[in-house]
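A.B. asks: for reference, the sequence and a predicted model appear below.
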Amino acid sequence: MNQPLLKAVNVKKVFGRGDNSVTAVKNINLTINKGSMIALKGRSGSGKTTLLNLLAALDQPTEGEVFFNGQIISKLPEKQRSHWRRTHLGLVFQAFGLIPLMSAYENVEFGLRIAGNDSKLNRAQAERALEWVGMKARMKHRPPELSGGEQQRVAIARAIAHQPVLLLADEPTAELDSRMGLQVIKVFRDLVENHGMTVVMTTHDPGIMEIVDHVIALEDGEIVTESNQSNS
Ligand SMILES: Nc1ncnc2c1ncn2[C@@H]1O[C@H](COP(=O)(O)OP(=O)(O)OP(=O)(O)O)[C@@H](O)[C@H]1O
């Protein structure tokens, strides 16, 4: 238990140069344990998306390091970071980003195909992912025939079909009403409890803070509080 999966050490990110530069995050020291569910909260502009992108190795810190399973990922060249992302990471965004003319199943299977996965396994992997998010029964439906919450669950299935250990989500419930938002969060909880995943998401939703294990609050690019929900 309490094995660190992701670690940020003295991370700082500055965009631009000179007078126009913006320090988006700074002094970030953070450990995310395997099998936990974490929410990053803070006002607009507090640095949540910047931090998520650094943890996803989509972006590189100006200073400091990000470690995954004890190995530095932030210093790797883009080709290796991209390989790391394809292997270990699932990404979910506010906009579901599904292709409207493809069924739920085809959207998930297509995600595997463009990631270059072994096509013999694609069908089984896509169906398993849809089952895990509770969408297998509706996998032949196209996105316009599904509710917002169902579409986001299909987007989650697409993100986890290759069975990554880490799922990062940027405002995954922002487009949903509170009932559908809760459904999506329950899917994340189930992935953590039953399928060995670790979930980090940004959110403004107070309902979500109650369900996650830890809430990390950012203010002006710095961590101001880290609360442990299970101890509070
Ligand atoms: N590519 C960029 N170039 C310049 N400045 C940027 C860039 N990305 C983010 N910033 C700035 O960094 C700061 C943090 O932005 P970030 O998007 O991480 O905040 P956020 O907490 O995710 O906000 P929101 O809740 O509105 O999405 C802001 O001042 C933003 O304008």
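C.D. replies: Yep, it's here. All values reported here derive from a predicted model rather than from experimental measurement.
A.B. asks: after the helix or strand where residue 9 lies, next one along is what?
C.D. replies: Per DSSP states H and E, residue 9 falls inside strand 4-15. Using DSSP H and E, the helix or strand that follows strand 4-15 in sequence is strand 22-33.
A.B. asks: give the rounded mean pLDDT of the helix or strand harbouring residue 82.
C.D. replies: Element membership for residue 82 (DSSP H and E) is helix 78-88. For helix 78-88, mean pLDDT rounds to 93.
A.B. asks: identify each buried residue in that helix, please.
C.D. replies: For helix 78-88, a neighbour-count test (16 or more other Cβ atoms under 10 Å) marks 81, 84, 85, 88 as buried. Just so you know, the C-beta spots here come from the backbone N, C-alpha and C atoms, and that holds for glycine as well.
A.B. asks: now do the contacts for the third one.
C.D. replies: Taking Cβ atoms under 8 Å, 6 or more residues apart in numbering as the definition of contact, the neighbours of residue 85 are 56, 57, 58, 91.
A.B. asks: and for the second one?
C.D. replies: When contacts are counted by Cβ under 8 Å, 6+ apart, residue 84 is found next to 57, 68, 73, 76.
A.B. asks: so the closest residue to the third one other than its chain neighbours, which of the three states?
C.D. replies: What it means is residue 73. Distance criterion Cβ to Cβ, 6 or more residues apart in numbering; nearest residue to residue 73, sequence neighbours excluded, is residue 57 at 4.8 Å. Following DSSP: H, G, I helix; E, B strand; the rest coil, residue 57 is assigned to coil.
A.B. asks: pretty sure residue 57 sits against residue 74.
C.D. replies: Yes: the pair residue 57 / residue 74 is scored as a contact, 6.7 Å apart, by Cβ atoms under 8 Å.
A.B. asks: any common contacting residues for those two?
C.D. replies: In contact with both residue 57 and residue 74: residue 66, using Cβ under 8 Å, 6+ apart.
A.B. asks: rewinding a little: and the helix holding residue 82, C-alpha only, in CSV?
C.D. replies: Extracted in CSV, the C-alpha atoms of helix 78-88 (Å, rounded to 0.1, in the frame of the first residue of the first chain):
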residue,chain,number,x,y,z
GLU,A,78,9.3,13.8,-27.0
LYS,A,79,9.4,10.5,-28.8
GLN,A,80,9.9,8.6,-25.5
ARG,A,81,7.4,10.7,-23.7
SER,A,82,4.9,9.9,-26.4
HIS,A,83,5.6,6.2,-26.1
TRP,A,84,5.3,6.5,-22.3
ARG,A,85,1.8,8.2,-22.7
ARG,A,86,0.6,5.5,-25.2
THR,A,87,1.6,2.7,-22.8
HIS,A,88,0.8,4.0,-19.3
